[in-house]
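Student: Provide a 3D model corresponding to the input given below.
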Amino acid sequence: MNKELLNAITYLSKEKGVSIDVICDSLEAVLITAYKKEPDANPTAEVELNRSTGDYKIIAAKTVVEEVENPHTEISLEAAREINKEYEPGDIIQRDVTPKNFGRIAAQSAKQVMIQRLREAERSIVYDEFSNRTDDIITGIIQRIENKNVYVDLGKAEAVLPASEQIPSETYLIGERIKCYVVEVRKTTKGAQILVSRTHPGLLKRLFELEVPEIYEGVVELKSVAREPGRRSKIAVYSRDTNVDSVGACVGPKGCRVQNIVTELQNEKIDIVKWDEDPAVYIANALSPAQVISVTVDEAEKSSSVVVPDYQLSLAIGKAGQNARLAAKLTNWKIDIKSESQAGLAMDGSDAVSEDDQKETAENDILSDLAMPSETVREEDTAEKSPDQEGL
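Tutor: Numbering: from 1, shown residues only. Take a look at the predicted model:
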């Protein structure tokens, strides 16, 4: 019986990933619970479990007294000296009070308690493991899809990818392997609840750390991330080593590094720009692939005014204002974009501006507000964009 008990403890430890000490502690609690259901059980009894042999017994401590008032906690001096003649009043005697056939009774009554305690220990271990992985990437297999929520099997646990954290353009298939960003790990009565995301900017940051050794090693620093999931993203990078090109390191040989990330994010376009401590230079870089003539910054208001060539206005603004919006998120600066002709008219401030010029300026202002592509963008100009700066 003892050998079988040790084998069961070892098996449970390996199967559930719970330490032997935790299982033995649970077993001791179960045994004492089962004992206290016995008639005339000693309420002060404790279990003594030998973790090497598997032997166990119920021990009750009794105090030697001249006259017994509580038989559960006291033993008479006469009875004590029958055990050992050297006992004196006040001595503590540990007595074995294990009932006959206790092994079978304990096994029957303690089964459910033991299972419950093992489940609690297992849940605690899973929570401890995944709570340390918050703000990190995990890889799992899509197990099922219910009410638009995607459930991802992580092996020891299950994560949920809610509809609000899914990329709208993505299609999720059962059995598909997927990378997700761990947003939060909660401890519930049913175990660890792991919330993951595919839209969080942290996912893009972690993917670059996985793909670009220079970022992982700290040579290249990823300063900022701006993302519109499934559509387009911008990242700002900076090299601590003058011999290392930060943008080139992220793009990789023939664009392989950034292409792997683009593929993982279902062809989400990614612009990689160089971070600069000078806000004007940084803002100009952030508006890539558009060319910038000048940038004026207001440090107090955290705002900037950018002038671009007339034919680059729609490119700087982007479709539905996307490029300007992402650049503002990336730099954390308010960006006001004007064409060269609009800037010239503003500087003029003259009443002699012709009616046609006023009409053209108004049209450009409306175009800027609506962030619609301008008809003046030339095909040959958009074709000359640098492959390092262009969203892949």
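Student: can you pull out the low-pLDDT segments for the protein?
Tutor: Within the chain, the segments meeting pLDDT under 70 span 1-5, 15-16, 101-115, 117, 345-392.
Student: which residue is nearest the centroid of it?
Tutor: residue 182 (2.1 Å; CA atoms, centre = their mean).
Student: name the element that residue belongs to?
Tutor: According to DSSP states H and E, residue 182 maps onto strand 177-188.
Student: ok, and what's touching that strand?
Tutor: Outside strand 177-188, the residues that touch it by CB atoms under 8 Å, 6 or more residues apart in numbering are 127, 130-131, 133-142, 152, 159, 161, 165, 172, 192-198, 200, 202-203, 206-207, 264. For every residue, glycine as well, the C-beta is placed using N, CA and C.
Student: tell me which residues in it are buried?
Tutor: For strand 177-188, the neighbour count (16 or more other CB atoms under 10 Å) marks 178, 179, 180, 181, 182, 183, 185 as buried.
Student: name every strand pairing with it and say which way it goes.
Tutor: Strand 177-188 pairs in its sheet with strand 137-146 (antiparallel), strand 191-197 (antiparallel), by DSSP bridges.
Student: restricting to C-alpha, output it in PDB.
Tutor: Output of strand 177-188 as PDB, limited to C-alpha atoms (Å, rounded to 0.1, in the frame of the first residue of the first chain):
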ATOM      1  CA  ARG A 177      -0.800  28.400 -35.400                       C
ATOM      2  CA  ILE A 178      -0.900  32.000 -34.300                       C
ATOM      3  CA  LYS A 179       1.300  34.600 -32.500                       C
ATOM      4  CA  CYS A 180      -0.500  36.900 -29.900                       C
ATOM      5  CA  TYR A 181       0.500  39.600 -27.500                       C
ATOM      6  CA  VAL A 182      -0.400  38.900 -23.800                       C
ATOM      7  CA  VAL A 183      -2.400  41.900 -22.500                       C
ATOM      8  CA  GLU A 184      -3.500  40.600 -19.100                       C
ATOM      9  CA  VAL A 185      -3.500  37.500 -17.000                       C
ATOM     10  CA  ARG A 186      -6.300  37.200 -14.400                       C
ATOM     11  CA  LYS A 187      -6.700  34.800 -11.500                       C
ATOM     12  CA  THR A 188     -10.300  33.400 -11.400                       C
END
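Student: buried only: go through the contacts of strand 177-188 for me.
Tutor: 127, 130, 137-138, 140, 142, 152, 159, 161, 165, 192-198, 200, 202-203, 206-207, 264.
Student: list the contacts of the closest residue in space to residue 201 that isn't next to it in sequence.
Tutor: Nearest residue to residue 201, sequence neighbours excluded (CB to CB, 6 or more residues apart in numbering): residue 225, at 4.3 Å. By CB under 8 Å, 6+ apart, the residues touching residue 225 are 201, 202, 204, 205, 233, 234, 235, 236, 330.
Student: and those residues, which is closest to residue 252?
Tutor: residue 235 (13.8 Å; CB to CB).
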